[in-house]
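Peer 1: predicted model and sequence below, questions to follow.
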Amino acid sequence: MQMQSGTTLGGRYVLRSLLAVGGMGEVWRGVDSELDRPVAVKVLKEEAQNNETFLKRFRNEAKNAAGLMHPNIAQVFDYGDQAGAAYLVMELVDGEPLSTVLERELTVDEHRLVRMMIGTCQGLHVAHQAKVMHRDIKPGNLLIEGEDHVKITDFGVSRSHDQTTLTATGMVMGTAQYLAPELALGKPATPASDLYALGIIAYEAVVGKRPFTAASPVDIAIAQVNEPVPPLPSGVSPALAALIMDLLEKNPKRRPNTALELEAILRKLRLPTEAERSARERDVPGTIPPKRGGQAPGRAMPPSIAPARYRPRPDAPPIRHT
């Protein structure tokens, strides 16, 4: 079934304009004609409609997200199938994905980042309490509206405690750049797995690039397991830098245990004021992140330093597999 402006699904959801296209489906701005309210309608792509794995993922998103009610989670209203086209009706979020923010701004202010991380933690806590692991936390799945208010979306690869896996032996689900090492090894997802992904987002937001890149998703996943996290630049606030490095521990037991614990840590972080940061940038050359397209001429960046931890933890070697 071909989707276009004016198409009506379920006798009530009228599509208006295409908002986004992903690997599995399209997201349309629409209107619920019965309740006279705007909605977002996610429709499974035509080429995916006969793929049983995609259909299971789509149903999982409907089932898992529909049971989660929280201001930091994009609400799911309805699920249906029309002429072989599966669709999901969701809350229409008046904002943009964090991925778009990062593409435009390269980095984000630390105070703003912490606000967004706190909102993400609040939504994740509700999901984890319901035994739902998102498994695909990434900038594209965090919608930002208003004063940095976060809405978590796309539970397409999430897994509840009572669901069977969608993957064959040796395969993993999620996006390699944000994939926790234990997931790359095929182990079960835990709250710490989603927190690792949030740590990757935080790293990317303060540095301007992800910590692990490679030629293929498989190589990136291997790097997540085996490679040390590149040190953060000295311009990152020590407390935030230490927290990011703890979130990116290879061993999930060495990360904050829950989203609720991480939220508490974030609220207690001591970040410099704008005046303090400006003074530091004058005193320490090269602490300003380079703009997209290269470093400004004549500004040599000093070697990065490993930040001090925000709380003592015993050292342990990273998990390595051969």
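Peer 2: Yep, that arrived. Since the structure is predicted, the reported quantities are computational estimates derived from the model, not experimental observations.
Peer 1: when you work out contacts or count neighbours from here on, use the C-alpha atoms and nothing else.
Peer 2: Fine.
Peer 1: and the next helix or strand past the helix or strand containing Ser17?
Peer 2: Per DSSP states H and E: Ser17 is located in strand 13-21. Next along the chain after strand 13-21, taking DSSP H and E as the criterion, comes strand 25-32.
Peer 1: name the helices or strands packed onto that next one?
Peer 2: Here strand 25-32 touches strand 13-21, strand 37-44, going by 3 or more CA pairs under 8 Å, 6 or more residues apart in numbering; DSSP states H and E.
Peer 1: chain center to the longest one, what's the gap?
Peer 2: If you compare the mean C-alpha spot of strand 13-21 with that of the full chain, they lie 23 Å apart, counting by CA atoms, centre = their mean, to the nearest Å.
Peer 1: ok and it relative to strand 37-44, angle-wise?
Peer 2: Per axes from the mean of the first three to the mean of the last three CA atoms, to 10 degrees, the angle that strand 13-21 makes with strand 37-44 is 60 degrees.
Peer 1: for strand 13-21, the averaged confidence score.
Peer 2: For strand 13-21, the mean per-residue pLDDT is 93.
Peer 1: what does the shortest one give?
Peer 2: Per-residue pLDDT values over strand 37-44 give a mean of 93.
Peer 1: and the helix or strand that that strand is followed by, what's its mean pLDDT?
Peer 2: Proceeding N to C from strand 37-44, the next assigned helix or strand is helix 52-66, under DSSP H and E. On average, the pLDDT along helix 52-66 is 78.
Peer 1: and stretch 266-274, by the same measure?
Peer 2: 88.
Peer 1: any idea which helix or strand in the chain has the lowest mean pLDDT?
Peer 2: Ranked by mean pLDDT, DSSP states H and E, the weakest helix or strand in the chain is strand 159-160, scoring a mean of 50.
Peer 1: convert whatever helix or strand comes next after that strand to PDB, retaining C-alpha atoms only.
Peer 2: Using DSSP H and E, the helix or strand that follows strand 159-160 towards the C-terminus is helix 181-184. Presented in PDB, the C-alpha positions along helix 181-184 are these (Å, rounded to 0.1, in the frame of the first residue of the first chain):
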ATOM      1  CA  PRO A 181      30.100  -4.200  24.900                       C
ATOM      2  CA  GLU A 182      27.900  -6.900  26.500                       C
ATOM      3  CA  LEU A 183      25.300  -6.500  23.800                       C
ATOM      4  CA  ALA A 184      28.000  -6.800  21.100                       C
END
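Peer 1: so Gln49 touches Ala85, yeah?
Peer 2: Yes. Gln49 lies in contact with Ala85 (CA atoms under 8 Å); the separation is 6.5 Å.
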